[in-house]
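> Coordinates for the following, if possible.
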Amino acid sequence: MRQALVASLIACAAMGAGAANTYSPSAAEVLSALSRRSEIPEQQLSGLLADCNASQASINFCAFRDRVIADLKLQHAVTDKTTQFPVCKEDIDSRLVRWEAARDRGCERSAARDYGFGSMKPAARDLCTTLETNRMIKRVAQMRDCATR
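Next up is the predicted model:
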């Protein structure tokens, strides 16, 4: 089971690399955002991320890192679109808030269904969130006006 999740994490990272948005946050930017969100010092996170197969904690934090990368890419894609279509900013922002809430609920349910309260649940939830965020990045990149969904 653990190997299947690790393989999924690798596939997820590959999907993110092919996303329509070519922006890629720096390792320092990702580590800083990850540290802010987790409230764990960057040095400690670096150790956890050094080998994603080292422990369950490493698996979970590598999945969380991939989620943070996808979130940063989405933020960049949205900023690009709202700069391109300033009149759409409010509409884009409100749609994203609703989408994010639905994504988080769906991924939480999916992870709970598959792993209950097990140690794989956080990684499964973050994997789902990353996949859904990468899909949204592509949708945002394809927007041509406020009506495009």
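> Give the next helix or strand downstream of the longest helix belonging to the chain.
Among the elements of the chain assigned as helix by DSSP state H, the one spanning the most residues is helix 56-84. Elements were assigned by DSSP states H and E; along the chain past helix 56-84, the next helix or strand is helix 89-115.
> okay, the angle between that next one and helix 56-84?
Between helix 89-115 and helix 56-84, the angle formed by their directions is 160 degrees, by axes from the mean of the first three to the mean of the last three C-alpha atoms, to 10 degrees.
> Tell me the buried residues in helix 89-115?
Residues of helix 89-115 classed as buried: 92, 95, 96, 100, 103, 107, 110, 111, 115 (neighbour count, 16 or more other C-beta atoms under 10 Å). C-beta: built from backbone N, CA, C; applies to glycine.
> Please apply the same query to stretch 54-63.
Of the residues in stretch 54-63, those buried by neighbour count under the rule 16+ other C-beta under 10 Å are 58, 59, 60, 61, 62, 63.
> For it, the averaged confidence score.
The average pLDDT within stretch 54-63 is 95.
> cool, stretch 33-41 as well?
96.
> and that stretch, which residues are buried?
Along stretch 33-41, the positions that meet the burial threshold by neighbour count (16+ other C-beta under 10 Å) are 33, 34, 35.
> Now tabulate those in JSON lines and tack on distance to residue 124.
Shown next, in JSON lines, are the buried residues of stretch 33-41 (distance: C-beta to C-beta, whole Å):
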{"residue": "33", "distance to residue 124": "21"}
{"residue": "34", "distance to residue 124": "18"}
{"residue": "35", "distance to residue 124": "23"}
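> nearest residue to residue 59 other than its sequence neighbours?
residue 123 (5.2 Å; C-beta to C-beta, 6 or more residues apart in numbering).
> give me the low-pLDDT residue ranges for the protein?
Residues of the chain meeting the criterion pLDDT under 70: 1-21, 147-149.
> okay, which residue is most central for it?
The chain has residue 67 as the residue nearest its centroid, 2.5 Å off, counting by C-alpha atoms, centre = their mean.
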